[in-house]
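In: can't give you the sequence, but here's the structure:
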Ligand SMILES: Nc1ncnc2c1ncn2[C@@H]1O[C@H](COP(=O)(O)OP(=O)(O)OP(=O)(O)O)[C@@H](O)[C@H]1O
């Protein structure tokens with residue numbers, strides 16, 4: 001019979017939750033017990049403990065011990081297995097017993113509950129906590145303040161009582177519309193009160209009350225004077241005052257809650273550590289971006305600088321801080337930026353410029369600051385700002401102070417890079433002319449790359465990328481040639497969509513491969529929209545331009561690539 005010494009790690013030396021292992025000197029009754037020190041999460045901990053135990057080197061020893069034991073007892077292999085299986089039940093039973101003991105021990109249960117409460121309180125946001133506290137106070141006040149014993153009667157009953165001489169005493173409650181009164185049969189209580197002079201408790205002691213009718217006070221006072229009725233003014237009872245105050249406060253608070261939540265969200269957006277931007281590793285490479293060869297060449301150089309394979313420092317050169325990708329939508333600007341990050345193998349921080357557009361002045365700037373801080377911490381890294389024109393438009397054109405501040409912050413951050421910090425800011429825009437000239441000056445977006453509409457060869461290459469994963473009925477080269485010839489003027493995003501549509505059409509008809517007909521249908525869908533074949537494209541366009549006047553009119557030329565030059569004064573690269 002194998003015997004093991006007791007192995008134990010002191011609870012204090014272990015990180016929380018404290019786990020203590022212990023082994024009895026008998027192999028078959030080994031086990032472990034854990035101390036949670038008042039912390040919850042026991043089920044998970046217990047499972048973890050079980051796993052830890054079975055993976056530990058001690059398990060091997062226990063296994064050996066079991067084997068020895070089985071051999072000693074002269075058991076067959078299957079018998080030994082069943083014995084081991086039975087042995088595995090023991091630790092589970094032990095954990096179960098530990099749990100039961102814990103549940104039945106009021107001290108431990110109280111500790112668990114306190115810990116759970118503390119955790120829950122920490123998680124509750126401030127506005128919700130305030131609502132809960134106010135609600136609890138109101139409930140408490142309602143339960144503890146004695147109910148008003150007075151019965152409500154009609155105002156006319158009060159007048160009738162005064163006229164008949166039945167009303168003996170009247171009290172006007174301050175800051176409210178209630179008029180308390182007592183009749184001849186209840187005169188005792190009124191008199192008692194008069195003697196003691198405890199007017200503060202009038203509302204409780206007076207048996208009736210009526211609601212005051214506006215502008216009738218003069219008549220009421222006249223009646224009381226005529227009848228010689230005792231009348232007075234009484235303060236509201238403190239309890240009711242408290243309940244009313246809390247009710248008003250809670251109503252106001254609830255109506256303000258959405259605004260509070262919105263403000264809190266806005267205020268915490270920049271600085272919250274939980275919302276820190278996580279850099280992404282890109283799996284896109286240059287081979288995934290085709291048809292923009294010259295733009296690619298420019299970016300390959302940057303990748304070489306980042307990787308250190310091009311020693312630019314030797315000649316006193318500096319790494320370009322900013323690279324601006326400009327071109328029509330869907331030409332692959334975002335994809336190129338991802339490819340740069342993927343090829344360089346460095347963290348990539350993609351962000352859309354519209355994320356900086358905030359309601360509160362200063363929040364957008366704070367977000368820019370945070371983004372650059374995180375990128376510097378992760379350097380070498382790439383920041384990619386998509387649709388830069390959303391914040392990078394010329395300053396002073398509008399009264400949007402927040403946007404100008406955000407842009408100023410962006411300019412400052414781009415100036416503030418040390419030449420040693422390898423952070424490259426890439427940005428993409430469809431409207432380079434709209435950008436503020438300060439952004440495009442050398443030292444900021446000093447490298448401008450035009451990503452243009454692909455030509456025939458470019459389209460073939462892009463199609464080849466997208467049909468890689470698609471099972472085609474014919475040779476992919478033939479299909480790429482065919483589609484490229486039929487799609488002049490279309491960009492990478494359109495071509496990717498054609499391939500996807502064709503695959504969807506093939507799936508819809510239940511085919512295993514994508515046929516030429518699917519491709520042709522997909523091209524028509526891309527060019528004219530779904531069911532666009534019935535109408536001539538021009539008629540369709542005319543209809544559309546009537547509805548949406550800003551669409552280009554039929555017969556208009558496609559956008560001129562020169563629009564993307566001019567102001568910026570850079571050359572077309574592809
Ligand atoms: N040159 C290309 N090579 C391969 N695929 C491309 C190319 N250009 C575009 N695509 C396809 O089109 C999709 C959209 O491209 P991307 O987002 O890069 O365009 P973009 O120029 O950034 O557009 P936008 O200016 O509207 O943001 C890509 O995910 C890719 O599938």
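Out: The structure has been received and is ready for your questions. These figures come from a predicted structure and were not determined experimentally.
In: How about the contacts made by whichever residue of the stretch 1-150 of the chain sits closest to the ligand?
Out: Here the residue of the stretch 1-150 of the chain nearest the ligand is residue 125; by CB to the nearest ligand atom that distance is 35.6 Å. (C-beta placed from N, C-alpha, C; glycine too.) The neighbourhood of residue 125, defined by CB atoms under 8 Å, 6 or more residues apart in numbering, consists of 261, 264.
In: Look up phi and psi at it.
Out: Torsion angles at residue 125 (phi, psi; degrees, to the nearest 10) stand at phi -70, psi 160.
In: per-residue pLDDT, it?
Out: The predicted local distance difference test score for residue 125 is 73.
In: Next one, pLDDT for the residue lying closest to residue 451 once chain neighbours are set aside please.
Out: Of all residues not flanking residue 451 in the chain, residue 327 sits nearest, at 3.7 Å (CB to CB, 6 or more residues apart in numbering). According to the model's per-residue confidence, residue 327 sits at a pLDDT of 88.
In: Repeat that for the one 10 residues further on.
Out: Here, the pLDDT recorded for residue 337 equals 86.
In: quick one, phi/psi of residue 231?
Out: Here is the backbone geometry of residue 231 (degrees, to the nearest 10): phi -130, psi 150.
In: What of residue 346?
Out: Main-chain torsions, residue 346, degrees, to the nearest 10: phi -120, psi 160.
In: List the contacts of it.
Out: Residue 346 neighbours (CB under 8 Å, 6+ apart): 306, 380-382, 422.
In: Distance check, the residue of the chain found nearest the ligand against residue 230.
Out: Closest contact between the chain and the ligand, by CB to the nearest ligand atom, is at residue 492 (2.1 Å). Here the criterion is CB to CB, to the nearest Å. By it, residue 492 lies 94 Å from residue 230.
In: If you count surrounding residues, which of these two has more?
Out: residue 492 (26 against 14; other CB atoms under 10 Å).
In: who in the stretch 151-300 of the chain is up against the ligand?
Out: 289-292 (CB under 6 Å from any ligand atom).
In: Out of those residues, who's the most crowded?
Out: Going through these with other CB under 10 Å as the criterion, the one with the most neighbours is residue 292, at 30 neighbours.
In: Ramachandran angles for that one?
Out: Residue 292 adopts backbone torsions of phi -130, psi 50, taken as degrees, to the nearest 10.
In: ok, it - contacts?
Out: 331-332, 336, 451-452, 454, 458, 492, 574.
In: Who are the packing partners of the helix or strand where residue 138 lies?
Out: Here residue 138, judged by DSSP states H and E, is contained in helix 126-144. With contacts defined as 3 or more CB pairs under 8 Å, 6 or more residues apart in numbering; DSSP states H and E, the packing partners of helix 126-144 are helix 238-271.
In: Show the subsequent helix or strand relative to the helix it packs on.
Out: Moving on from helix 238-271 towards the C-terminus, the next helix or strand you reach (DSSP H and E) is helix 293-307.
In: For that following helix, list every residue counted as buried.
Out: For helix 293-307, burial by neighbour count (16 or more other CB atoms under 10 Å) applies to 295-296, 298-299, 302-303, 305-306.
In: pLDDT on it, on average?
Out: Rounded to a whole number, the mean pLDDT of helix 293-307 is 82.
In: quick one, phi psi at residue 424?
Out: According to degrees, to the nearest 10, the main-chain angles of residue 424 amount to phi -110, psi 130.
In: ugh, wrong one, I meant residue 183
Out: As for residue 183, its main-chain torsions (degrees, to the nearest 10) stand at phi -100, psi 170.
In: That one pairs with what?
Out: residue 167 (DSSP bridges).
In: That one against residue 170, yeah?
Out: No: Residue 183 is beyond contact range of residue 170, at 10.7 Å (criterion: CB atoms under 8 Å).
In: And these two? Which one has more around it.
Out: A side-by-side neighbour count of residue 183 and residue 170, using other CB under 10 Å, places residue 170 first with 27 against 19.
In: contacting residues for that one?
Out: The neighbours of residue 170, taking CB under 8 Å, 6+ apart as the test, are 158, 179-181, 224, 229-232.
In: how does it look with 6 Å?
Out: 181, 229, 231 (CB atoms under 6 Å, 6 or more residues apart in numbering).
In: Residue 350 sits in which helix or strand?
Out: strand 348-352.
In: Counting by contacts, list what that strand packs against.
Out: strand 381-386 (3 or more CB pairs under 6 Å, 6 or more residues apart in numbering; DSSP states H and E).
In: can you pull the buried residues of the strand it packs on?
Out: Neighbour-count burial for strand 381-386, with 16+ other CB under 10 Å as criterion, is recorded at 381-386.
In: which helices and strands does the helix or strand just after that strand pack with?
Out: Scanning forward in sequence from strand 381-386 by DSSP H and E, the next helix or strand is helix 389-392. Secondary-structure packing of helix 389-392 (3+ CB pairs under 6 Å, 6+ apart): helix 401-415.
In: wait, isn't residue 390 in contact with residue 354?
Out: Yes: here residue 390 reaches residue 354: they are 4.7 Å apart, a contact under CB atoms under 6 Å.
In: So which of those two has more stuff around it?
Out: Between residue 390 and residue 354, counting by other CB under 10 Å, residue 390 is the more crowded of the two (19 against 10).
In: Contact residues of the stretch 401-550 of the chain facing the ligand?
Out: Residues of the stretch 401-550 of the chain lying near the ligand (CB under 6 Å from any ligand atom): 428, 430, 462, 465, 492-493, 496.
In: 8 Å instead, please
Out: The stretch 401-550 of the chain comes close to the ligand at residues 428-430, 451, 454, 458, 461-462, 465-466, 491-493, 495-497, as judged by CB under 8 Å from any ligand atom.
In: Okay, and which of these map to helices?
Out: If you go by DSSP state H, these have 458, 461-462, 465-466, 492-493, 495-497 in helices.
In: Output the residues you listed in TSV; the columns should cover pLDDT.
Out: Formatted as TSV, these follow (pLDDT from 0 to 100):
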residue	pLDDT
458	90
461	90
462	91
465	89
466	90
492	89
493	91
495	90
496	91
497	91
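In: For those, give me a markdown table that also has distance to residue 519.
Out: Output for these, formatted as a markdown table (distance: CB to CB, whole Å):
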| residue | distance to residue 519 |
| --- | --- |
| 458 | 18 |
| 461 | 17 |
| 462 | 15 |
| 465 | 16 |
| 466 | 12 |
| 492 | 17 |
| 493 | 17 |
| 495 | 11 |
| 496 | 13 |
| 497 | 12 |
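In: What distance do you get for the residue of the chain closest to the ligand to residue 327?
Out: When residue 492 is compared with residue 327 (using CB to CB), they lie 10 Å apart.
In: Please give me every residue in contact with residue 90.
Out: Here residue 90 is in contact with no residues (criterion: CB under 6 Å, 6+ apart).
In: Residue 155: how many residues sit nearby?
Out: If you count neighbours by other CB under 10 Å, residue 155 ends up with 14.
In: Is the residue nearest to it when sequence neighbours are not counted bridged to anything, and to what?
Out: For residue 155, the nearest residue in space outside its immediate sequence neighbours is residue 210; the separation is 4.6 Å by CB to CB, 6+ apart. Listed by DSSP bridges, the beta-bridge partners for residue 210 are residue 179.
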